[in-house]
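S.K.: this one's sequence-less:
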């Protein structure tokens with residue numbers, strides 16, 4: 001079956017050759033599978049309006065936008081931000097910023113930890129809904145220790161842009 005002259009210096013049996021071929025195929029399959037399996041995002045969040053999810057996002061998100069169908073807010077309407085982080089460091093705290101497109105801040109919500117939820121009364125955005133202007137929800141995370149926080153460069157991350165849908 002095999003060229004005896006070529007393999008005369010090597011002792012390769014058919015069984016050994018078949019085992020080597022099997023191992024090679026298994027390695028190729030393992031590499032192919034590992035490149036197609038995507039890791040779970042380390043950070044995820046949800047934006048809720050009156051306990052109804054209007055947006056779900058994660059750290060791999062590229063275009064985080066949602067639309068909200070309201071013409072005006074009631075006094076009881078609320079917006080909730082739920083944020084979850086794998087392996088959260090309890091020496092850091094998270095803050096959520098709700099801004100308009102000109103960077104005017106309407107609401108700032110603080111958590112004394114990295115992961116959790118925070119809510120605010122949606123009536124605070126009355127000016128934006130009347131003008132049909134979108135709002136942006138950002139998050140920042142800083143160390144709880146003020147002297148350490150002063151040395152850290154803070155990166156603001158856009159969680160979601162919320163636009164108004166006409167009714």
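M.R.: Cool, got the structure. Since we're looking at a predicted model, the values are computed, not measured. Numbers count the residues shown, from 1 in each chain.

S.K.: Could you pull up the residues touching residue 135?
M.R.: By Cβ atoms under 8 Å, 6 or more residues apart in numbering, the contact list for residue 135 reads 98-100, 106, 125, 128, 161-162. All C-beta atoms are positioned from the backbone trio N, CA, C, and that covers glycine.

S.K.: redo that, cut-off 7 Å
M.R.: Contacts for residue 135 (Cβ atoms under 7 Å, 6 or more residues apart in numbering) come out as 98-100, 106, 125, 128, 162.

S.K.: Give me the pLDDT value at it.
M.R.: pLDDT, residue 135: 93.

S.K.: beta partners for it?
M.R.: Beta-bridge partners for residue 135, by DSSP bridges, are residue 100, residue 162.

S.K.: Tell me where the protein has helices.
M.R.: Assigned by DSSP state H, the chain shows helices spanning 14-36, 126-131, 146-149.

S.K.: count of residues packed around residue 109?
M.R.: Using other Cβ atoms under 10 Å, residue 109 has 18 neighbouring residues.

S.K.: burial measure for residue 139, as a count.
M.R.: Neighbours of residue 139 (other Cβ under 10 Å): 19.

S.K.: how far away is it from residue 123?
M.R.: 22 Å (Cβ to Cβ, to the nearest Å).

S.K.: What of residue 112?
M.R.: Taken as Cβ to Cβ, the span from residue 112 to residue 123 is 25 Å.

S.K.: So for those two, which sits in the more crowded spot?
M.R.: Using other Cβ under 10 Å, the more surrounded residue of residue 112 and residue 123 is residue 123, with 14 against 10.

S.K.: residues contacting the closest residue to the more buried one other than its chain neighbours?
M.R.: Once flanking residues are discounted, residue 123 sits nearest to residue 73: 4.8 Å by Cβ to Cβ, 6 or more residues apart in numbering. By Cβ under 7 Å, 6+ apart, the contact set of residue 73 is 122-123, 126, 129.

S.K.: For the contacts of residue 135, give me JSON lines that also has pLDDT and neighbour count.
M.R.: Formatted as JSON lines, these follow (pLDDT from 0 to 100; neighbours: other Cβ atoms under 10 Å):
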{"residue": "98", "pLDDT": "95", "neighbour count": "22"}
{"residue": "99", "pLDDT": "94", "neighbour count": "17"}
{"residue": "100", "pLDDT": "92", "neighbour count": "16"}
{"residue": "106", "pLDDT": "93", "neighbour count": "16"}
{"residue": "125", "pLDDT": "87", "neighbour count": "23"}
{"residue": "128", "pLDDT": "86", "neighbour count": "18"}
{"residue": "162", "pLDDT": "92", "neighbour count": "22"}
